[in-house]
Every structure is written in C-alpha cells, then in structure tokens.
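# coordinates for the following, if possible.
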Amino acid sequence: MAQAIAPAALVSVQLYSVRTELADLDAAVRRLAAAGADAIEPFSAYDRPAEFSAAAAANGLAIPTVHAPLLSDEMQYGGRAVPVPPATAAFAAAGALGASLVIDPMVAAERWRTADDVARTADRMNAVVEAAAAEGLRVGYHNHSFEFHHRIGDLTAYEYFVSLLDERAALEVDVYWAAAAGEDVPALVGRLGSRVHALHLKDAARAVDVFADAGDYDPAVLGQCALGSGNLEIDAILAAAPGDYLPVVEFDHVDGDVFEAIAQSIVHLRATLSQAD
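You can find the predicted model right below:
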C-alpha cells in the first residue's frame, strides 16, 4: 500500500544529491539514514525500484515520493531523445516503491513561453491526475527557474499553469530555482498554499539562474550549501509552507562531503520545524 505523507513528520532526501554514490546503493542509503533522514525520493521511478525499496526498508526509510516524467513524450538524455514510458508504467513503479506521489521532474523550457503551450501542459497534467486517482495515487510537478521566465497576463507561466490545474494536482516547489528566477519564495509558497505537497530545500549565498542562458552548465557554479549556511530565506519559506508538506533536502552540487551537508541540513531543518511547533 502507498505511504501517506505525514505533516512534517518525515524529512526526505532527493537521491540526485548522492547520484555518484549510488553505485553502492546499500552503503549510500545506510549513510542517509545515519545522517538523520526518514525518507528518500528516487529521481527515477524506473531505476532499480526493487533494490531501492529493499535498501530503504532495511534502513527504516520510507519512499513517499518519486520522480518520473509524466507530461512529455520524450526527454533529452545524454545528448539524445529518449522516449518516455506511459504514465501507467510510472504508476506501477511507484507502487513497487510504496510511493503515494509521483512527481514530474521537468517540462522543457520551450513549453513555458506562451499561454497555449502552458495550457496544453496543464491539460495533460489534469488527464494524468484522473488516471493516477484511479490507482490511488497523486501526481505533481517539480519546477526549475524557466517556468518563471515568461509572463501570461499578470502571472508567471508557472502560476498560470497552477491556475489551470485540477485541485488534486500537487506541487513540489524547488526553493533554489524559484529564488534563482527572482521570486520572493516565501510569498510564492504562501500564495500556492495547500497545493504545496513537498519542498526541495537547498541553500546558497546566492541562487544562480543558469537556465537564463541556453546550454549546459557546471553544477559547481550553483554555489549550493547546507541549509542555514547560506542566504536563502529557508526559515521564512518553511514558515510560509502549509502544515502537510514533505521537506526534501536536495543538492545539485556541494563542495566537500555531501552526506555531511545533508546531515547539517537535517539538523537545521528539524531545529527550525521544532521552533514552529
């Protein structure tokens, strides 16, 4: 049975943070548990689901959420277009992991430029919402910065997209990328309210919008660091979030030991959440 997301009772870690360490999956998951994580979020529902499920269970970790492309026919990977499996395959993989929420990690930047483009993506999400509900699942979307680059009327393309969504569609707000796009992230999270079911949390001296220019980028330029050691408004973002969201620690890159950065982030996160209680 899928696991329900408990209100701030779990702290999760997006496994993209330790992608290079996953060659030894058991050791990596064991270190995440030792760092204080309660849950993990796989960055691909299709990547070794049975192994991830077993490693999580062996270390007492939940898998309430998982990433899988739902809103695209193909994704760019390794310089080539890769066909995306049907949503039903993502739902089956989520079931094998015990996840209750399947999150699309990215819709390409060129699909966030016009009202018609955004509406087509929203229509596709709404259809997937209905299909997921029939399987006892929820689906959602994870942002980068480019969803905020263009405006449709008085709204960014991202908030226009949200305005078109079925109320059952969930949002996983990546606070770094929203800040990189120039958003007042606590205000954004407050406006989105109960639609926010998860937050991707990372800190930095300054969020860098590498998607403002087309092309590849070196993750090291992002300047990400453990929660509480940068200048992003992490505590204000947490205060603005609804009471039933899942905090997910994630790094695209950090200098030094990523497990230490995760542990430091979890300590800061728990301290902040306990002060809010």
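
# what's the distance between the residue nearest to Tyr158 when sequence neighbours are not counted and Pro105?
Nearest non-adjacent residue to Tyr158, counting by C-beta to C-beta, 6 or more residues apart in numbering: Glu147, 3.8 Å away. All C-beta spots, glycine's among them, are computed from the backbone N, C-alpha and C. Here the criterion is C-beta to C-beta, to the nearest Å. By it, Glu147 lies 12 Å from Pro105.

# got it, and Val175?
Per C-beta to C-beta, Val175 is found 15 Å from Pro105.

# and for Leu238?
When C-beta to C-beta is the yardstick, Leu238 and Pro105 sit 22 Å from each other.

# after the least confident helix or strand in the chain by mean pLDDT, next one along is what?
Within the chain, no helix or strand scores below strand 74-77, which has a mean of 82 by mean pLDDT, DSSP states H and E. If you walk from strand 74-77 toward the C-terminus, the next helix or strand you reach (DSSP states H and E) is strand 80-83.

# summarise which helices and strands that following strand is packed against.
Contacts defined by 3 or more C-beta pairs under 8 Å, 6 or more residues apart in numbering; DSSP states H and E place strand 80-83 against strand 74-77.

# and the strand it packs on, how far out from the chain middle?
Here the centre of strand 74-77 is set off from its chain's centre by 18 Å, with C-alpha atoms, centre = their mean, to the nearest Å.

# that one packs against which elements?
strand 80-83.

# so what's the gap between the strand it packs on and the chain middle?
The answer for strand 80-83 is 22 Å, by C-alpha atoms, centre = their mean.

# who's in contact with that strand?
Outside strand 80-83, the residues that touch it by C-beta atoms under 8 Å, 6 or more residues apart in numbering are Asp73, Glu74, Met75, Gln76.

# count of residues packed around the last one?
By the other C-beta atoms under 10 Å criterion, the neighbourhood of Gln76 contains 11 residues.

# next: Asp154.
With neighbours defined by other C-beta under 10 Å, the count for Asp154 comes to 7.

# please report how far the nearest residue to Ser72 once chain neighbours are set aside lies from Pro105.
Closest residue to Ser72 apart from its sequence neighbours, by C-beta to C-beta, 6+ apart: Val84 at 5.4 Å. For Val84, the distance to Pro105 (C-beta to C-beta) stands at 11 Å.
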